[in-house]
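Trainee: build me a structure from this.
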Amino acid sequence: MDTIGTNLQAVRKRIASAAQACGRDPAGIGLVAVSKTFGADAISAARAQGQRAFGENHVQEAVAKIAALSGLDLEWHFIGPIQSNKTRLVAERFDWVHSVDRLKIAERLSAARPDRLPPLNVCIQVNIGDEATKSGAAPGGALALARATAALPRLRLRGLMAIPPASQDYARQRRYFAQLRELKDAIMAAGIALDTLSMGMSADLEAAIAEGATLVRVGTAIFGARTKTKETA
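Mentor: The predicted structure follows:
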């Protein structure tokens with residue numbers, strides 16, 4: 001578990017260096033530690049190093065961890081595709097959802113969000129690379145989805161999220177992230193208030209920060225390589 005603390009420090013240094021390189025304040029960039037497939041002990045170790053926000057993409061796995069760690073004052077982010085029959089669990093237990101990709105899901109999350117909780121923070125997931133294997137609204141449909149989502153009660157639309165095509169080429173990474181930033185700007189120009197760009201992971205967070213990321217989602221660089229699970233969200 002000492003490794004998690006060392007890794008967290010290294011990731012925070014990467015975020016700070018990337019921010020400084022493009023003239024941004026590192027304090028404006030949040031870190032979501034992607035803890036999917038890792039146990040409560042790993043999350044506790046990260047929390048002991050000051051990490052509060054954690055990302056999960058398998059509902060049943062996450063619900064068990066949320067219950068086990070209820071005393072740690074954690075902020076839970078759902079970052080995976082959502083099946084309609086699991087929207088209630090997500091709405092009841094998470095603080096953020098990054099992966100709203102269609103209006104039906106937004107409507108179900110809104111209807112299921114308990115009144116005792118603050119509005120659920122949500123991002124529209126955009127399939128910025130038009131990949132058949134990834135979820136997300138088409139860029140051309142993002143404005144309409146954002147407008148409809150913003151009108152729903154019990155939700156607070158915060159911004160956009162994307163997982164672009166994997167690439168080791170920094171310039172190519174930046175082009176995809178720039179497209180998401182420009183889409184956010186266009187939606188804001190249409191009168192919808194947004195303050196979040198959820199983009200960038202272990203391999204490309206520097207490019208994402210250069211293009212305006214406000215949340216980066218980092219798993220492997222913090223927790224190490226993960227094993228795949230069979231559950232879908």
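Trainee: so where does residue 20 fall, helix or strand?
Mentor: For residue 20, the host element (DSSP states H and E) is helix 2-21.
Trainee: one more: residue 60?
Mentor: Here residue 60 sits within helix 59-68, counting by DSSP H and E.
Trainee: what's the first helix or strand after that helix?
Mentor: With elements assigned by DSSP H and E, the helix or strand that comes after helix 59-68 is strand 75-78.
Trainee: tell me the buried residues in the following helix or strand past that next one?
Mentor: Under the assignment DSSP H and E, the closest C-terminal helix or strand after strand 75-78 is helix 87-93. Of all the residues in helix 87-93, those buried under the rule 16 or more other Cβ atoms under 10 Å are 87-91, 93. Glycine gets a C-beta too; all of them are placed from N, C-alpha and C.
Trainee: in CSV: the residues you listed, plus pLDDT and distance to residue 99.
Mentor: Listed next are the buried residues of helix 87-93 as CSV, based on pLDDT from 0 to 100; distance: Cβ to Cβ, whole Å:
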residue, pLDDT, distance to residue 99
87, 98, 11
88, 98, 16
89, 98, 14
90, 98, 9
91, 98, 13
93, 98, 15
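Trainee: what's the closest of these to residue 69?
Mentor: Residue 69 lies nearest to residue 93 out of the buried residues of helix 87-93, by Cβ to Cβ, at 11.6 Å.
Trainee: just give the nearest non-adjacent residue to the closest one, would you?
Mentor: Among residues not flanking residue 93 along the chain, residue 66 sits closest, at 5.3 Å (Cβ to Cβ, 6 or more residues apart in numbering).
Trainee: would you pull up how far the helix holding residue 60 lies from the middle of the chain?
Mentor: Relative to its parent chain, helix 59-68 has a centroid offset of 17 Å by Cα atoms, centre = their mean, to the nearest Å.
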